[in-house]
Each structure stands twice: as structure tokens, then as C-alpha cells.
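Trainee: structure here, sequence nowhere to be found:
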Ligand SMILES: Cc1ncc(COP(=O)(O)O)c(C=O)c1O
Ligand SMILES: Cc1ncc(COP(=O)(O)O)c(C=O)c1O
């Protein structure tokens, strides 16, 4: 696989077009919304989380915004991963995701844990793109801190 | 003669101590006074010219101020040179002096014309000191323009 | 015709390989590469003559001062100006901020009596264009915010040219400053300086030219252009980082209050107040970027040796080849694709269905280095309905072959990302 | 003990000869010489990795960005700070102006809501010392002039030490800023930072430390010193021209409004207004001196490899030798000859009956390069009844032998000029 093909795996391009969870759900019950911006390219992403009544579980994640295929795919993959997940587990996964993406290719994300998002491991070799992949995750982290 | 000895010829050191014309004469008749400052070392020089009644001849030049031996000697030598000189001739000599001092050692001042001040030719090799030697002459030039 | 092989051999970085492929560097509008002569001039200075300038009596300091002032004369001559009308800055951003803050200081009553003519009153207007780089926009926003002046802008047409009709109505008796780019770093169009200067002069407004993207590419005679002030950056014109120039008309520089204050710009200082030197020193507080000034002088000597008319002709040919090629690739939209205008060698474009970031990543993989983003011109991108674009920009060392490599790579983008290929 | 022969071999300029005599460079307080490692780091960057930072997606730009940010971390660590608390500037003068203008902008209502706490009211006081370099004096004079604040000063004793009793009364509830030098460039005395910070903190004043003359010579831990802001210059600490640092406490940097504005310091820009990035980027408008930052990182790595405690001990020994020797030469008056104080390796002095300019010319002829003038500290010279002095300043590469050559030469001055020999 060339550098480019490992960065833009079919799975990623596919998610960037499918955009799972695109379109913000209504604010309802315990929910929070975070707006993130990448000053480098001017991309914007808004991510909303809705929690269970006890606040312990993620009901769903939805989002809106424009950006490169990495940022769009990453949001889409995160939606699939986080839905129905205990809040604490999601926070831990976000930490692990950040660590892997900042590792410059030394840490691979585990497919059994990160599902499709594991395909984003390759981004960590492209320092300038890490921010694109992180955008949705940072937004969800922000949501969870405030919901 | 070493570089230093050509810069600080006995004649120069001698003038720097004798300070011909030191002490400002009273303003009297056609006269003008110019204050010059060297921001590099903070030196100050005040030079006063007194002209004949028709304004065509320099009666005398006097000065005050503190500075390095080059600037003091130059003022002293200028006083001797300019006293009793037709004004137009003095202006021409100032131009010639400036040209020689900016010549980086390529133009020698003529002793028959510049008298003791010809000893300042050596200063032109020391770019940083040209300003010191010029100070009194610039002041006199300024005086003549205004007297 | 330039001897491209010889020129390329002068630029060590151009023989770098990115993952095995030779680098096609088409990002010179961001920063240019430096010829060996520039690097050598700086190293030579640092290893032989380095010493504080303008303040020492020792031989080394005197020699350093001479080289520094010779550099000023060389760079000034390159833009058609006498040395005392060239102020060293740290770059175009620094130069534009200098002007804006100096006007703010005049407004606050600082500076010599002559500065009063620059004081702004609430309601006075500062005029920029819609195509501004942030460096020629935000300093004016902030000046307006501090003084109560009002910021107005001249729009651009859909093809990127300045709307001169609108300019004639935006520029009015209330205008005090008209600031505009000689060449926008997104559009590449050489703007009608004479027309804008005429409009500004008719109402007595100060003209400020951002010559960042023209100085490296065109023969430049700033006094002949008639502007009051102009800035450029060394690192975009083959020179070092951290150095640039501010040109000013003599009477304007004479009356502007200082901006940065500190050492080497004063005559007499007490604990309570200071008196300032005349220009250019008045605007050069503290230790100057000495080796960089000497490096920039080497850069303009290099450009002069090649010849700016030849540089411009060469880049113009590259620009035409690039524009023609891009227009033929489906889904490509060029920004500023105006007809019958003078241009420099750059094109910014949008690829339908593929985000600019993805485009540049794809090009990078093929060894073609371009820039992506808003290029510090967010309002202009918004004007075109975009948040980002891809920009390829050439310099004298680029070849037609490199342009073809760019075109080949761009042609593959939409297929790779599955965008309506 | 330093391996002086090895160190000297690292500095190409030190083997220069002035008219046949080897150069004794004792003017490092003006600007230091640069080791080959610094020159190499810059050249290496320019010939291999040069590209615009923070804005490109191409591989070269990403690599350049990484080197640039690594340099920040390296230089920040050298002064004990985390990287996000180090702002790149073009030098100390630029850093001090940044702070003064930023406070002025806060006063004009600019910046985020948190900036309001820095707004000055007429009658508020800005405090400096009598020993200030013009760079830490005139920016405050101008700020006072623009805002109606009042500038006050703490006097120094006859021996050059700061009058702490006077400081305790000058610093009051009206004080908003207390700015002072860590080490004066004329006196060489390490000032009592803790005492001054305590006085300032007791009244809630912002402390601004001019660390220009300490950073190259002492182990420095700015957070431990407790100051709010501090500046230093690269070219005085073995680094390139045109680069320096501003350290700030996190909460202070967070709330200061931007100074220079333009590209790379914004999030969103419209034609009418801009939103700004957090520190340090908020203060870094436009293209940064990238290769110089990388050069400065190489400089501090060099200093760290030698070890700052060892550098300080070595320079302290040179200073003692110089001071002892000068005291024994008839007609020499040392400035700042206080007892029991910590010092760096410099002495400024007056020679009875010989003008400073003549002294330095004589020394230059003997291959000893020193500085002459007011050293950008006119008020301090006036305090001592002088307009100019001679200053010899050492760095880690100077030898005891060079100090002896200075002393020999100084001993000959009064005889040569016939001043009461
Ligand atoms: C104590 C002190 N402060 C400030 C400065 C100004 O530094 P720079 O000229 O590098 O901006 C200097 C050096 O000239 C200095 O010695
Ligand atoms: C048109 C224009 N103006 C101003 C600037 C700012 O130049 P610098 O970043 O060198 O200060 C740039 C470059 O980024 C530019 O292209």
C-alpha cells in the first residue's frame, strides 16, 4: 500500500461519502453540542451528543459541517463507535485515539476496539492531518465534559 | 607610522589639549551659533561664527563642548584656519574637507590649504570617526548658512 | 530566456527528493527557496564580520555597519528608491503594522508636530479591498477599533479584478488611508495601481501598497507607482526570513511618529522623554536583523543578475501554461480568471467534489508541493463561496515540465476520490 | 572548567585577525559570536527543509513546522518554561514593545473580555529603574504618553545597586507595571528579582523582566523567578539576529490582547473583524523567523551542552580578573563596582582625562574590540555624570589571557593620550 492509499483507505473514502450520523438530531433530554474549527483550512464541525437520562450512556451522536474526507470519515466512524457506549468508555477511547494519532505511526488502533475508526491509524504519519481526524473526537470530548 | 599614530598625530593630540578658540565669544554684530550632537557617543559641540559687517569675511570662530580628541582637535584647527577667511572660501573648504573625510583614505588634504587640519586626513580611514572630525565643520557650515 | 538548469543548480533545496521523487516546489508565494549566494552571504558575514552595527568604534563594528548600510542601498535601488527611504522591517506584516500603529500614535498626539496631519478623527475612513491578505486587513481593523475610524472595503468582481467603479464611490473625502495589494496572493492579478492612487490622491488619502507578491516577480519602481508607502518581505523574494522593507515617500516618513521604540533610534533620552532620529533610523529600534539584511541584498543582486523583465516573462509563460492546462481539467474552477490582465505565476483553484486538503495531499504524494487553505484571505474565499482553495505558485526556478507534472497530478484527483470522474 | 580551546574552535570568527593581530572580542553584550553549530542548523534547514510553517499540507511544510515547534520547546525549556508560554519575537526590543502596546490595546478596549484587567487609567503608574536600557524605557514612556499613565523610576545607588528602600516607596497601589533588568548592560550586577517581584506582587502590579543580559550568562528559570513576563534576544546568546523570546505566565498571556496582527494568529476573519488564536500564536502574526528559531534552538543546545553553571562560573572568573586588573590601573573608574553582589562578565568604565571614544580606538588598534558610548542607557550615564563609557564584556569563549590583553592595553591609554601619566 502506498502512503496515499494507506491514508485514504477505501473504508475512509466510503465513510466520507456515507457520513453516518450527518444532520443534527433535536436537543432532547441530556444533550450537549460542540462547535470545532480548524483555523488551518477553515473547516467547521458541530457535534451533538444525547445521553441516557442517568447520563451514563451515550444515546446517539450526530453532526454537521464541511471538511476534508479525513474529518468527515472520522466523524462518521465515531458515530458508529460511540452509539450506545457507556460515557466513561467513550472518554477513554477518545484519549487512546488522541495518543495513537499523535504517535507518528508508532501506535496502531485496535480494530476490535475502534471498529472502522481503526483505519485512521495511518493519519498519524501525516502530522498536518492529525487535526482533521481529531476534530469530531475533540468535539465529542467537549460535549461529554459539559453534558 | 602605525594606523593609530597616523590617526592621533602629535599635532592632533596637541590641538585637542590647546583647544584654540575654546569659550564662546559674545554674540556681536553678524553672528550665528550652531549646536551639533553625535548620537553615537552623546558628544555635543556649539560653534559660533562672527562675520564682518558686510557679511563677506569671517571675523572669528569660537566653540564649546566636550568630545573625543578628534572632535576637539578638529574644532581647534578649524578656528585657526577660518579666522579672517572670506566666507565663500570657508564654504568651499568645508565641502573639500567633507569630501576628503568620506574618501576612505583616497583623498589627502593639502597642507598649504588646510594648515594643521590637513593632519585629519588619516581619520578618513576610520569610518566610525569621520563624524567626530566633521562635527565642528558641520556646525560652521550651519552657522554660515544662517549668519 | 532563462538558463533554467543553471538557475536550479543555484538552489540547493530544489534537488531534494520527497520519498524518492524529485520535489516540484510550487509554493513560492508562501515562501521562496534561497539560492546558495544568499546563504553564503549570511554565513560569510557571520563568520568574518559579525558585530553590532551603528554603535561601535572598533574596526569590526565599523565594517559591519558599512555592509549593513550597503545592503540598504542595494535593496532600496531594487525597488527604485534612495537608501534613506527604505526602512528595514521584519517582513511585510511588521511593515503594515508599523504604518497602522504609527498612524495610531499620531492620533494619540505622539510624534513631532508634523505628525498631526496623520491624526485620525472618529468617522474618518480607512479603505482596503476585499482581496486583502489578513496582514493588510486586520491591522486596519484594529486601528479603526482603537481610534473610532471606520473600515470600508472595495469589492472585487467575480473574475477577481478590483471593482473600480465601486472604488470611486468608496473612496471619498472621508478616506484617510487606501491600502491595497499590488498583487493578491490568491488571485495573481496585477492590480491597477495608477487608478487607485489617482482616486486616493484626489481626496488626499495616504496610499499603502502591499508589494509582497509583486517584488519577487516584476520590475518594481515604487516611487514611479506614486504610492506613499509600500511593504515587501525578504523570504518571498529569495531572501532570509525575518527581514523586509518599508518604502516611504520622504515627506511621509519624515512626519510619521515612531512605532517600535528602544535603542539606536534616538538622539537624547531622559527618564521622562526621548527625542528621535530622522528616518529610516527612527523606525529601526533595537538590534536590526543585520545578517538578514545582507542576505536580502544578495537575493536582490541575484534577481537583478537574472533580470526582472526576464523573470517576469518566464513566470508569465509558466502561469499561462498552468492556467491553460487547469482550464482543460473537468471540475476545476480557477479563482481570479480574468481576461486581459497582467499576472504573476500563480493560480488558486477549487476542485469540484474534493476538499482542498485532500487535493493537496494527493499532489504531495506525487511530489508536487502546493498550498491549501484560505491563504490568509478568508474574506476573499467567502466572496467566492469557499472556505479553502488549492494554490500553485511559481518562481523563477520553476520549469514548464514541473507545471506539466502539476497538471498530470491534478487530472488524477477526482478519479482517486471518486468525485464524478 | 571549560575546555576553552575546544569552545573557541567552534566559533569561526574568533580566529579572525584584525590587521594581523588576533581579535580579542570583548563586545558580547552588544552581540555574541555564533558557533558553527548555529550556522549549520540554519543552513541545513534552508537547504533541506525550508517551507512555510503551520499552513501547508505538503510534506516539506509539515517537516518545517515540526522543526519550528521543536525549536520552541527547546528554547522554552532553556528558560524553564513550557513551550506554550514562549512567544517568538524578533528580539528583546520587539518583546518589550509587544507588552507595552498590548497593554495600550487593552486600554483602548481591544482584546477578549479578560483583557480589561490590563486597561490603564490616567494616573496609573508604570515603574522602571534608572538603570534601564532604552528598550525597557522608551516603550513605557510612549505608553504613558498615549494613555495618561505616569512613568516613575526607581533610582540606583552610587555603586549601581538598585535602591530597594526607594523601590518600596516608588512602588505603590497606583503601580500597574514594574519593569526592570535582570542584569543591566552597563553595570553587570544581577538585580534582586525576588525583592522587586515581592514589592510588585504586593500591589498587584505586572512584572516585566528584561533578561537580555542574563539569559546568555546564568542558569535561568523564569517561572521560578516569579515574574509575569520576560524577554531575551537570540543574537546575544549565540543565536541568530532577528529572533528572541517573550516568556509569559499562562494566565497573563491568555488575557493580553494581540499586538501585531495579520496571518497565522487568527481563527475567523471577516472584512470587519477577526477572532484570535490562543497564545503563543496570538502574538505571532505573519511569517515567523523560522530558520532563526531553529538557529536559536541550536544555540541554547550548545549552551546547555557546555552547561550554564559552568558558563557562569567561567565568566565570573573573567569578570573578577578584569575588575581586579582595572581597579589597579590609575585613573580608571568602574561603573557599578558594588560589593557582595552577583555579576556577569562585563565592566563599563571611565578613563580620567581620555574620552571613551579615544580609549576604544586605542584598544581597537591593539586588537581589543570593546564598546564605547552610552550603551543605550543615557539616563544611567547621566546619573554617573558621564555621557559615554567604555564597556568590555565577556562570553563563554573568552580567555583569561584575553582579559590580560585588555588590561595591558588599558594601562597604556593615558600615557598615549598624555593624560596625567
Ligand atoms: C539590557 C538590554 N535590554 C534590551 C536590549 C535590546 O535588545 P535588542 O537590541 O536585541 O532588541 C539590550 C541590548 O542591546 C540590552 O542589553
Ligand atoms: C499579499 C501578501 N501580503 C502580506 C503577506 C505577509 O507577509 P509576511 O508573512 O512575510 O509578513 C503575504 C504573505 O504571506 C502576502 O502574500
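Mentor: That came in fine, so what should we check first? Note that the structure is predicted; figures quoted are calculated from it, not measured. Numbering: from 1, shown residues only, chains lettered A, B, ... in the order given. Ligands and ions are numbered 1, 2, ... in the order given.
Trainee: the lowest-mean-pLDDT helix or strand in chain A near chain C at all?
Mentor: Least confident element among the helices and strands of chain A, by mean pLDDT, DSSP states H and E: helix A:3-7 (a mean of 84). Yes. Applying Cβ under 8 Å from any Cβ of the partner chain, one finds that helix A:3-7 is in contact with chain C at A:3, A:4, A:7. Where C-beta positions appear, they are placed from N, C-alpha and C, glycine not excepted.
Trainee: list only buried entries from the residues you listed.
Mentor: Listed as buried from the residues of helix A:3-7 next to chain C are residue A:7; burial here means 16 or more other Cβ atoms under 10 Å in any protein chain shown.
Trainee: save the residues of helix A:3-7 next to chain C as TSV, and put in distance to residue D:275 too.
Mentor: Output for the residues of helix A:3-7 next to chain C, formatted as TSV (distance: Cβ to Cβ, whole Å):
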residue	distance to residue D:275
A:3	35
A:4	34
A:7	31
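Trainee: and the least confident helix or strand of chain A, what does it pack against?
Mentor: Packing contacts for helix A:3-7, counted by 3 or more Cβ pairs under 8 Å, 6 or more residues apart in numbering or on different chains; DSSP states H and E, involve helix C:356-365.
Trainee: the helix or strand just after the helix it packs on pairs with which strands?
Mentor: Going down the chain from helix C:356-365, the next helix or strand is strand C:368-369, by DSSP states H and E. When pairs are called by DSSP bridges, strand C:368-369 turns out to pair with strand C:24-25 (parallel).
Trainee: roughly how far is the strand it pairs with from the heart of the chain?
Mentor: Strand C:24-25 has its C-alpha centroid displaced from the chain centroid by 21 Å (Cα atoms, centre = their mean, to the nearest Å).
Trainee: quick one on the thing from earlier: what residues sit buried inside the helix or strand just after the least confident helix or strand of chain A?
Mentor: Counting by DSSP H and E, the element after helix A:3-7 in chain order, helix or strand, is helix A:10-18. Of all the residues in helix A:10-18, those buried under the rule 16+ other Cβ under 10 Å are A:12, A:13, A:15, A:16.
Trainee: same question, stretch C:272-282
Mentor: Residues of stretch C:272-282 classed as buried: C:274, C:276, C:279, C:280, C:281, C:282 (neighbour count, 16+ other Cβ under 10 Å).
Trainee: residues near residue 28, how many?
Mentor: Unless you meant another one, I'm taking chain A. 9 (other Cβ atoms under 10 Å in any protein chain shown).
Trainee: look at chain C instead
Mentor: 28.
Trainee: equivalent analysis for the one 10 residues further on, please.
Mentor: Number of residues near residue C:38 (other Cβ under 10 Å) recorded here: 28.
Trainee: okay, and it sits in which element?
Mentor: Using DSSP H and E, residue C:38 sits within helix C:36-48.
Trainee: just checking, what packs against the helix or strand where residue C:145 lies?
Mentor: Applying DSSP H and E as the criterion places residue C:145 in helix C:138-147. In this structure, helix C:138-147 makes packing contacts with helix C:92-107, strand C:125-129, strand C:150-154, judged by 3+ Cβ pairs under 8 Å, 6+ apart.
Trainee: buried residues in the longest one?
Mentor: It refers to helix C:92-107. For helix C:92-107, the neighbour count (16+ other Cβ under 10 Å) marks C:92-107 as buried.
Trainee: out of these, which are close to chain A?
Mentor: Okay, of these, nothing touches chain A (Cβ under 8 Å from any Cβ).
Trainee: just give me the closest of those to residue D:288.
Mentor: Among the buried residues of helix C:92-107, residue C:93 lies closest to residue D:288 (Cβ to Cβ), at 9.7 Å.
Trainee: chain neighbours aside, what residue packs nearest to residue A:110?
Mentor: Nearest non-adjacent residue to residue A:110, counting by Cβ to Cβ, 6 or more residues apart in numbering or on different chains: residue A:118, 6.4 Å away.
Trainee: same list (the helices and strands packed on helix C:138-147) but as a markdown table, adding mean pLDDT.
Mentor: Below are those laid out as a markdown table (pLDDT from 0 to 100):
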| stretch | mean pLDDT |
| --- | --- |
| helix C:92-107 | 98 |
| strand C:125-129 | 98 |
| strand C:150-154 | 98 |
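Trainee: picking up where we left off before, between the helix holding residue C:38 and helix D:36-48, how many degrees?
Mentor: In terms of direction (axes from the mean of the first three to the mean of the last three Cα atoms, to 10 degrees), helix C:36-48 departs from helix D:36-48 by 180 degrees.
Trainee: please point out which parts of helix C:36-48 sit buried.
Mentor: So for helix C:36-48, counting by 16+ other Cβ under 10 Å, buried means C:36, C:37, C:38, C:39, C:41, C:42, C:43, C:44, C:45, C:46, C:47.
Trainee: ok, now stretch C:298-314?
Mentor: Residues C:298, C:299, C:300, C:301, C:302, C:303, C:306, C:308, C:311, C:312, C:314 are the ones in stretch C:298-314 that count as buried (16+ other Cβ under 10 Å).
Trainee: just stretch C:381-392 next, same as before
Mentor: Under the neighbour-count criterion of 16+ other Cβ under 10 Å, stretch C:381-392 has C:381, C:382, C:383, C:384, C:386, C:387, C:388, C:389, C:390, C:391, C:392 buried.
Trainee: again, but for stretch C:138-149
Mentor: C:138, C:139, C:140, C:141, C:142, C:143, C:144, C:145, C:146, C:147, C:149.
Trainee: quick one: residues contacting the closest residue to the fifth one other than its chain neighbours.
Mentor: In space, and not counting its chain neighbours, residue C:142 is closest to residue D:261: 5.5 Å by Cβ to Cβ, 6+ apart. Contact partners of residue D:261, counting by Cβ atoms under 8 Å, 6 or more residues apart in numbering or on different chains, are C:97, C:134, C:135, C:138, C:139, C:141, C:142, D:274, D:285.
Trainee: isn't there a helix covering residue D:261?
Mentor: No. Counting by DSSP: H, G, I helix; E, B strand; the rest coil, residue D:261 falls outside a helix, being coil.
Trainee: report pLDDT for it.
Mentor: We have a pLDDT of 98 for residue D:261.
Trainee: and it, how far from ligand 2?
Mentor: As judged by Cβ to the nearest ligand atom, to the nearest Å, residue D:261 and ligand 2 stand 11 Å apart.
Trainee: same check, this time on residue C:251
Mentor: 25 Å.
Trainee: can you pull the residues of the stretch 251-400 of chain C lying near chain A?
Mentor: Checking the stretch 251-400 of chain C against chain A by Cβ under 8 Å from any Cβ, the hits are C:354-358, C:361-362, C:365, C:372-374, C:378, C:381, C:387-388.
Trainee: chain C contacts on chain A?
Mentor: Within chain A, the positions lying close to chain C (Cβ under 8 Å from any Cβ) are A:2-4, A:7-8, A:13, A:17, A:40-44, A:66-70, A:126, A:129, A:132.
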